[in-house]
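Asker: requesting a structural model of the entry that follows:
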Amino acid sequence: MFLLYTLKDIKVLEQELDKLVKAWTAGDGEGIELIMTQSIKEDKRLIPIYERLVLERNRKMVSKIEEYLKEKETIFVIVGAGHLVGSQGIIELLKGRGFLPEQL
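Answerer: Okay, here's the model as predicted:
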């Protein structure tokens with residue numbers, strides 16, 4: 001299933017790369033999410049792969065980020081843009097935990 005997901009995602013990205021770059025440049029989270037989830041909308045069998053590769057990792061990263069935010073030091077966190085978007089993206093998960101992240 002992972003191989004199938006990768007092959008379908010590559011096909012989508014080949015077709016949508018310009019749109020993805022434009023969405024990223026414009027800070028268009030919804031546009032990024034639409035492109036990222038296109039493969040799983042077309043083939044529901046891929047949902048568990050997306051869950052594991054993206055959503056599960058988002059939850060783990062949020063837990064780690066939350067630990068960092070409890071410290072008094074300034075931190076800098078780098079993640080792929082796809083992990084920031086959507087209702088289960090890092091931004092929304094942090095909001096759900098009482099933090100107030102904002103897009104710059």
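
Asker: what residue is smack in the middle of this protein?
Answerer: residue 83 (2.2 Å; Cα atoms, centre = their mean).

Asker: report the distance from the helix or strand harbouring residue 65 to the chain centre.
Answerer: Assigned by DSSP states H and E, residue 65 falls within helix 56-69. Its chain's C-alpha centre and that of helix 56-69 lie 13 Å apart, by Cα atoms, centre = their mean, to the nearest Å.

Asker: distance-wise, check residue 41 relative to residue 10.
Answerer: 16 Å (Cβ to Cβ, to the nearest Å). C-beta here means a position set from N, CA and C on the backbone, and glycine is covered the same way.

Asker: residue 49 and residue 7 touch, don't they?
Answerer: No. In this structure, residue 49 is not within contact of residue 7 by Cβ atoms under 8 Å, at 11.5 Å.

Asker: look at those two and report which has more neighbours.
Answerer: More crowded of residue 49 and residue 7, by other Cβ atoms under 10 Å: residue 49, with 20 against 11.

Asker: excluding its backbone neighbours, what's nearest that one?
Answerer: Spatial nearest neighbour of residue 49, chain neighbours left out: residue 5 (4.2 Å); criterion: Cβ to Cβ, 6 or more residues apart in numbering.

Asker: what helix or strand does that neighbour sit in?
Answerer: Going by DSSP H and E, residue 5 is in helix 2-26.

Asker: for the protein, give me the ranges with low pLDDT.
Answerer: For the chain, the stretches flagged by pLDDT under 70 are 2.
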